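> quick one: sequence and predicted model below, then my questions.
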Amino acid sequence: MAATKGLAEQLPPLSPQEALVEANRCLFCYDAPCTHACPTHIDIPRFIKKISTDNLIGSARTILEANLLGATCARVCPVQELCEGACVLGHDHNPIMIGRLQRYAMDHVSGKDVVKRAPQNGRSVAVIGSGPAGLSCAGELARRGHSVTIFEKRPLGGGLSTYGIIALREPIEASLEEVRMIESLGVHIETGAELGLNLTLEDLRKRFDAIFLSPGLGATQVMGIPGEELIVDGLDYIEQSKLNPSGMCIGRNVLVIGAGNTAIDCATVAKRLGADQVTMIYRRSEHEMSAYPHEYDFVKKEGVEFRFLTQPVRVLSDGGRVTGLACVHMELGEPDSSGRRSAQPAGNGEFVIPADQIVKAVGQQKPPLAQMLGLEVDRGFIKVNTDLETSLTGVFAGGDCIRAKNSASTVMAVQDGKLAAAAIHLRLNTGNTNG
């Protein structure tokens, strides 16, 4: 499952000398803006100070106190938009490399037992899904003394960290090592277990004192255009690039439909695994892209081209082989429910973009679990209260499945898991369980 050379981790680990020099650049701000900018509120000056004194275990513990998935977040967090973006040195100098310093500390304790656990208290919690929210919730509950079982439908734990983030940003080994760390806290992970298939909510509510739902989102959205069956699913594309990159079929002229971070990952995979030309197709302009600005800059430097204000209408093929994508020009109108200007056909006919492979990354469907379980929803997402409890007493939820507002991210999912664990722990301590 090792990545090919083209998809090897983008940033090398810091050497001890590099980490020491970088840590000593930190001003160790009081009431530090970087800590406020971190959704999990890691005490960043504190963990960096410990690196500067060569106390790497203490540094890692500081990180893990706030974020049990510190190794993943060090790699995949949009630090340019969060902690490093808030660094006071960023105005006139280069911001501290907070993400790389966090990775340096976390890599040092990989495979070591550094998280303290409370004695078992006899209470049990079921967690559905082993993505960042589920792992975070499970780990936080386990170190408070609860017995936790994660039910994961896939063969491997880790959710999108394992399957859906390109190896360039997080190798599969790094994700699985973090899964093992959560297991080392006493969490049991049962794979091949899916709610609605071989698990029922009624049975789980009888067996466990509380339930946390973190199923993520559903399949990639259907575009509803002729020939869509010939389009490659973007999430499958990324998954294959992590599990079997040498066995992938990469086109020479690849089109990627979408302009979010997943679409950029798909374009990067295609470019780095041998495509001669990669073009991203987006119905709005670059100003409405949901991808992070630094990701947009990155993929342009990779040589990926863009066709903005372009809407696919049908796939062209010959004998089942893709030959192109018929599109229409678009123009922008008034803002829609997303706050972005809506795209409308400009009315000047179709045109064809040649291609021999088309990949779609146009967002995922709302969580199907909500409807199946009869949960209240907000715009299709699972509705929760301030304690992250759903409309069913004792059933909590977090991660992408509740993200009706604001953008979804790994670090936000981790924070959801942490907050839900605190609420579940408090609920169970009061003796008010769902049983």
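The structure has been received and is ready for your questions.
> which non-adjacent residue is nearest S391?
Excluding the flanking residues, the one nearest S391 by Cβ to Cβ, 6 or more residues apart in numbering is E376, at 3.9 Å. Where C-beta positions appear, they are placed from N, C-alpha and C, glycine not excepted.
> how far does stretch 207-219 stretch from start to finish?
29 Å (Cα to Cα, to the nearest Å).
> residues of that stretch that come out buried?
For stretch 207-219, burial by neighbour count (16 or more other Cβ atoms under 10 Å) applies to 208-218.
> right, and out of these, which lies closest to Q371?
When those are ranked by distance to Q371 (Cβ to Cβ), G218 comes first, at 10.4 Å.
> V359 versus the closest one, what's the distance?
With distances taken as Cβ to Cβ, to the nearest Å, G218 is found 18 Å from V359.
> repeat for A174
24 Å.
> cool, T53 as well?
48 Å.
> got it, and F306?
Distance from F306 to V359, by Cβ to Cβ: 15 Å.
> now for the residue of the chain positioned farthest from its centre: which residues touch it?
Here the chain reaches farthest from its C-alpha mean at N348, the gap being 38.7 Å by Cα atoms, centre = their mean. N348 makes contact with 328-329, according to Cβ atoms under 8 Å, 6 or more residues apart in numbering.
> let's see 7 Å
H329 (Cβ atoms under 7 Å, 6 or more residues apart in numbering).
> is it fair to say it lies in a strand?
Yes - according to DSSP: H, G, I helix; E, B strand; the rest coil, N348 belongs to a strand.
> where does the stretch 301-435 of the chain have low pLDDT?
Counting by pLDDT under 70, the low-confidence segments of the stretch 301-435 of the chain come to 406, 431-435.
> which stretches of it form strands?
Secondary structure of the stretch 301-435 of the chain by DSSP state E, counting those that start in this stretch: the strands cover 305-307, 310-318, 321-335, 341-354, 357-360, 377-378, 381-382, 395-397.
> so which of those strands is nearest R272?
Comparing the strands of the stretch 301-435 of the chain by Cβ to Cβ, strand 357-360 comes nearest, at 13.9 Å.
> so what's the gap between that closest one and the chain middle?
Counting by Cα atoms, centre = their mean, to the nearest Å, strand 357-360 is centred 21 Å from the centre of its parent chain.
> next one: stretch 244-264
For stretch 244-264, the distance to the chain centre is 18 Å (Cα atoms, centre = their mean).
> quote the end-to-end distance of it.
For stretch 244-264, the first and last residues are 20 Å from each other (Cα to Cα).
> give the buried residues for that stretch.
Buried, per 16+ other Cβ under 10 Å, within stretch 244-264: 245, 248, 250-251, 253-264.
> which of the residues you listed sit farthest apart?
Distance extremes for the buried residues of stretch 244-264: the farthest pair is P245 and A259 at 23.9 Å, using Cβ to Cβ.
> residues contacting R169?
By Cβ under 7 Å, 6+ apart, R169 lies in contact with 10, 75-76.
> one more time with 6 Å, if that's ok
R169 sits next to 75-76 when contact means Cβ atoms under 6 Å, 6 or more residues apart in numbering.
> looking at F306 and V359, which is more packed in?
The residue with more neighbours, out of F306 and V359, is V359; 29 against 18, by other Cβ atoms under 10 Å.
> partners of the more buried one in the sheet?
Beta-bridge pairing for V359 (DSSP bridges): V232, V256.
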